[in-house]
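Asks: any chance you could fold what I've pasted below:
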Amino acid sequence: MNHWKFWTITLLTLLSLSIATSFVWAQGPTPGSSPWDAVRVTNDTQTLAPSQTRWHFFDYTGDRTKIEVGLRGVGWNTDFPPNVRMAIYTPQQVQRWVDDTGVAPIGQGSKPAENTIYFGRYDLAWQGAFNFAGRFAIVVTNHSQTTIQYRLTATGESLILYPTPTPSPVPTTIFATPVPVGTVQGKLVFQQWSGGRIFTVNGDGSNAQAIIANGLDPAWSPNGKAIAFTRWEGAPGIYVANADGSNQVSLMGINQALSPQWSPEGRRIAFTRPTGGTQSDSRFCFGAACFTVPADPRWKLGVIEIMKWIDADTAINQLTDPPCTAHCFSPTWSKDGQYIAYADAAVGIISTDVTTKTLWTMYNAIPKVQSPTWSPDGTKIAFQVNQHDHWEVVVISADATTLTPVTVANPLAFRQVNNVAPAWSPDSKEVIFLSDRNGRWEFFAANADGTNLRQVLKNVTDAYPLTYNFSNERVVSWTK
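Replies: Numbering: from 1, shown residues only. As a prediction, the model looks like this:
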């Protein structure tokens, strides 16, 4: 081999190694793999591979108020595996852990006893209080041989979480105008948190009752006599119950179903479920260059036709799959039952025709949208849209020609507030939604054009604090 050829090959080899090394450096560590890149507690579903650890964190003011941390396995049909651990570290312990990974945590999550409020809500739970402030760590370790999914929750009066809102230390606006407290007509059903208690309450805030111990995304039937909801734990699936929570019946066993919505005639229920795609992260290496491809499960629409007659002697709950894009969330029916609108944050608001199997993009000016809901009269759709650093509620006409804001950002605000999870009044004139404008999640209502804004059900949210995760939750449903 001549010298010119030797040095050419050598330089190309060094250049390729340099590029590979830069690529690995640019990738950085996997989020949550150490205290330096711990991720905030968000209550989102997390995926953790075998023999892996993920660091989470929350901030705490140190005023001795109680902290509650809970971990719940997702998609497990049996008991949560005993070889999953949850440890809590104080800020000082985290610093010591950097020098000695054998530092013991301040606490460990344990399986709740049957006589505690955490039984059935969490698989591992811990509680405590401290007289010092700082950034605390929650470390989840998967010692099992299979990939797991879990949801982690941290609650407390003095915890600072994102996206859980906290009070602003300064006025929201220089010229603050208090929002009046009022009422609405009719009756509502709402969830306290995803997978938690479901309540019914009158529009004036009276007669609040916990009717279902654990469920997600409750929705009134068109006649207000039944409630649909989903359940991820125990026997997962699509459920219906009487208006008082009695006679809970599983229509179909489906894992991780979300957002059940009745068709106008009350014979079909549309929902979202994960099916297809990749369920866990994948790691690939080309020589010295390695990168991780995150999990990308597909979320598709499903429709259950309740007790469809197959023949004179046979009736079944029949499942069909309307066409939709890769990530189809929060389905909602048109008044005639021919169309289902849904949200895909990569596209916008899309309508699928269940008869012709065709799709129509109704709104894509800002694709990052959530929780569309068709008005009962079929003339408009309310949804939440991302405004860079916060969310607002808007209404679009059914023909997609007119867009009307229900909530708007205050240009004088020190901190923009979030307005999310809209639901229609039975007469299609008002929208109820969640807002964190007072430093925590509370219910507000307004006319469809944004007028007559007022806070509602304040006594209820004072008694039962709400949790919202920015995950297309159907928090509330409204009936006569």
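
Asks: the closest residue to R437 other than its chain neighbours: neighbour count?
Replies: Among residues not flanking R437 along the chain, V417 sits closest, at 4.1 Å (C-beta to C-beta, 6 or more residues apart in numbering). To be clear about C-beta, it is placed using only N, CA and C from the backbone, and glycine gets the same treatment. Counted with other C-beta atoms under 10 Å, the neighbours of V417 add up to 19.

Asks: pretty sure V417 sits against G439.
Replies: No - V417 lies out of contact with G439 (C-beta atoms under 8 Å); the separation is 9.4 Å.

Asks: quick revisit: ramachandran angles for the residue nearest to R437?
Replies: phi -100, psi 160 (degrees, to the nearest 10).

Asks: where does it land on pLDDT?
Replies: We have a pLDDT of 93 for V417.

Asks: tell me who's in contact with F329.
Replies: 258-259, 272, 299, 342-345, 370-371, 472 (C-beta atoms under 8 Å, 6 or more residues apart in numbering).

Asks: next: N214.
Replies: Each residue near N214 by C-beta under 8 Å, 6+ apart is listed here: 120-121, 195-197, 231, 233.

Asks: buried subset of the residues you listed?
Replies: The neighbour count (16 or more other C-beta atoms under 10 Å) marks 121, 195-197, 231, 233 as buried among the contacts of N214.

Asks: tell me which helix or strand comes right after the helix or strand bottoming out on mean pLDDT in the chain.
Replies: In the chain, the helix or strand scored least confidently by mean pLDDT, DSSP states H and E is helix 3-27, which has a mean of 38. Using DSSP states H and E, the helix or strand that follows helix 3-27 in sequence is strand 39-40.

Asks: what's the domain layout of the chain?
Replies: In terms of domains, the chain is parsed into 35-160, 187-479 (source: automatic domain parsing).

Asks: quick one: closest of those domains to P180.
Replies: Judged by C-beta to C-beta, the one of those that comes nearest to P180 is domain 187-479, at 4.8 Å.

Asks: and that closest one, end to end?
Replies: 5 Å (C-alpha to C-alpha, to the nearest Å).

Asks: which residues in the stretch 51-200 of the chain form helices?
Replies: Using DSSP state H, counting those that start in this stretch, the helices of the stretch 51-200 of the chain run over 91-99.

Asks: where in it is pLDDT low?
Replies: Residues of the stretch 51-200 of the chain that meet the criterion pLDDT under 70 lie in 76-81, 161-177.

Asks: please point out which parts of stretch 443-458 sit buried.
Replies: By neighbour count with 16+ other C-beta under 10 Å, stretch 443-458 contains the buried residues 443-446, 448, 450, 453, 455-458.

Asks: quick one: end-to-end length of it, please.
Replies: End-to-end distance for stretch 443-458, by C-alpha to C-alpha: 7 Å.
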